[in-house]
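# coordinates only, sequence not included:
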């Protein structure tokens, strides 16, 4: 080989690196577009009554950020059971008010949280690092244990919050809980329960090129760009100031199921309960039983209840309260 060929050989790796950088830059630059409003979700949210909703309580997390939650003391002063309740994507503790209220009436102290990045907890739509929601949950449990040192602890979540509950079950923080109750949980795009939506039927729109680019960067140890928005929700225009219409990459990664969603259920099936509306328009409710029952999970479908109805319809509330006893 001629010595004159060596400069050309050295240029090829540089050219490939440059090409890869251009491809990644193009993927990161793709704009996020939110889907059109989804009427059923907005109508369901508006149907949740806010009667007797307690004021927000504040907890200072380990990074100094103030996090918000609502405390629902159990009827008759009972202190032996405690449930942390978390909302679905884009929402806040308001969504889980009726669930928390009914739990309290049944003798279970309930704590409805604004997960960081939602409601009054931190900056909406983002967190500081992947894993921060796990740290926040550990901080909340430590605070609650000051008042409820021996109470049995349950974690209840709706939709993406249900996916978050499933993910937490397989983490060190999950060892603090005695039971996990998942309400119409989103288990990930690879799960048989996922019902992909398009156009007017979609609740969320993802910026897939940006997610892939950020995932590749994360695999090589680069966390730059994780504050970029990667998913938008089909909120009604009049709801925007009350909700979280977009998530950053790191919030999306934290607030939902693990990529290997099945592992959480394989390890914790007997401690898990799934409750869903039989008429759920976002999830394939008929797939919960065949998918999860073989893993030891108790699955209940409530007739004539849709995705939002599971957090406020009387028949769904009765099933949740019974599961929490």
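Here it is on my side, so go on. What you see is a predicted model, and the numbers here were worked out from it, not measured in a lab.
# What count of nearby residues applies to the residue nearest to residue 99 when sequence neighbours are not counted?
Take residue 99 and drop its neighbours on the chain: the residue closest to it by CB to CB, 6 or more residues apart in numbering is residue 311, 5.4 Å away. The way it works is simple: take the backbone N, C-alpha and C, and place the C-beta from them, glycine included. Residues within reach of residue 311, counting by other CB atoms under 10 Å, total 31.
# Just the pLDDT for residue 311.
According to the prediction, residue 311 has pLDDT 98.
# Would you mind listing the residues in contact with it?
Residue 311 makes contact with 48, 95-96, 98-99, 158, 183, according to CB atoms under 8 Å, 6 or more residues apart in numbering.
# Return the subset of those residues lying in strands.
The strands, defined by DSSP state E, take in 158, 183 from these.
# any idea which of the contacts of residue 311 is closest to residue 274?
Here the nearest of these to residue 274, counting by CB to CB, is residue 183; it sits at 8.0 Å.
# and the gap between the residue nearest to residue 168 when sequence neighbours are not counted and residue 121?
Spatial nearest neighbour of residue 168, chain neighbours left out: residue 174 (5.0 Å); criterion: CB to CB, 6+ apart. Applying CB to CB, to the nearest Å, the value for residue 174 to residue 121 is 21 Å.
# picking up where we left off before, now distance to residue 148 and pLDDT too, for the contacts of residue 311, in TSV please.
Below are the contacts of residue 311 laid out as TSV (distance: CB to CB, whole Å; pLDDT from 0 to 100):
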residue	distance to residue 148	pLDDT
48	26	98
95	23	98
96	19	98
98	22	98
99	19	98
158	23	98
183	23	98
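# Of the contacts of residue 311, which pair is most distant in space?
So, the contacts of residue 311 by CB to CB: farthest apart are 48 and 183, at 13.1 Å.
# which one of those two has more residues nearby?
Ranked by neighbour count (other CB under 10 Å), residue 48 and residue 183 place residue 183 first, with 29 against 18.
# Just list whatever residues bridge to the more buried one.
Beta bridges link residue 183 to residue 158, residue 275, judged by DSSP bridges.
# Tell me who's in contact with it.
Residue 183 neighbours (CB under 8 Å, 6+ apart): 99, 156-159, 161-162, 274-276, 310-311, 316, 320.
# surely residue 248 meets residue 124?
No - under the criterion of CB atoms under 8 Å, residue 248 makes no contact with residue 124, lying 10.1 Å away.
# if I look at the two, which residues touch both of them?
residue 117.
# and residue 168, what does it touch?
Contacts of residue 168 by CB under 8 Å, 6+ apart are 134, 137, 155, 174, 177, 180.
# Now the last one. Nearest residue, chain neighbours left out?
When the adjacent residues along the chain are set aside, residue 180 lies closest to residue 272, with 4.7 Å between them (CB to CB, 6+ apart).
# count of residues packed around that neighbour?
24.
# And it, how close does it get to residue 266?
Taken as CB to CB, the span from residue 272 to residue 266 is 11 Å.
# ditto for residue 234
According to CB to CB, residue 234 and residue 266 sit 33 Å apart.
# Would you mind telling me which of these two has the busier surroundings?
Shown here are residue 234 and residue 266; by other CB under 10 Å, residue 234 has more neighbours (22 against 14).
# which residues touch that one?
34-38, 41, 202-205.
# again, 10 Å this time
34-42, 90, 197, 200-205, 245 (CB atoms under 10 Å, 6 or more residues apart in numbering).
# which residue ranges form the helices in the chain?
Along the chain, counting by DSSP state H, helices occupy 6-29, 39-46, 97-105, 132-145, 160-169, 208-219, 249-254, 261-268, 288-292, 314-323.
# Mind listing the shared neighbours of residue 48 and residue 183?
With CB under 10 Å, 6+ apart, residue 48 and residue 183 have common neighbours 96, 99, 311.
# Tabulate those in JSON lines, adding columns for distance to residue 22.
Conversion of the shared contacts of residue 48 and residue 183 to JSON lines gives the following (distance: CB to CB, whole Å):
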{"residue": "96", "distance to residue 22": "45"}
{"residue": "99", "distance to residue 22": "49"}
{"residue": "311", "distance to residue 22": "46"}
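# Out of these, flag the one nearest to residue 142.
Using CB to CB, residue 96 is the member of these that lies nearest residue 142, at 21.5 Å.
# quick one: that closest one and residue 110 touch, right?
Yes - contact criterion CB atoms under 10 Å: residue 96 and residue 110 qualify, at 8.3 Å.
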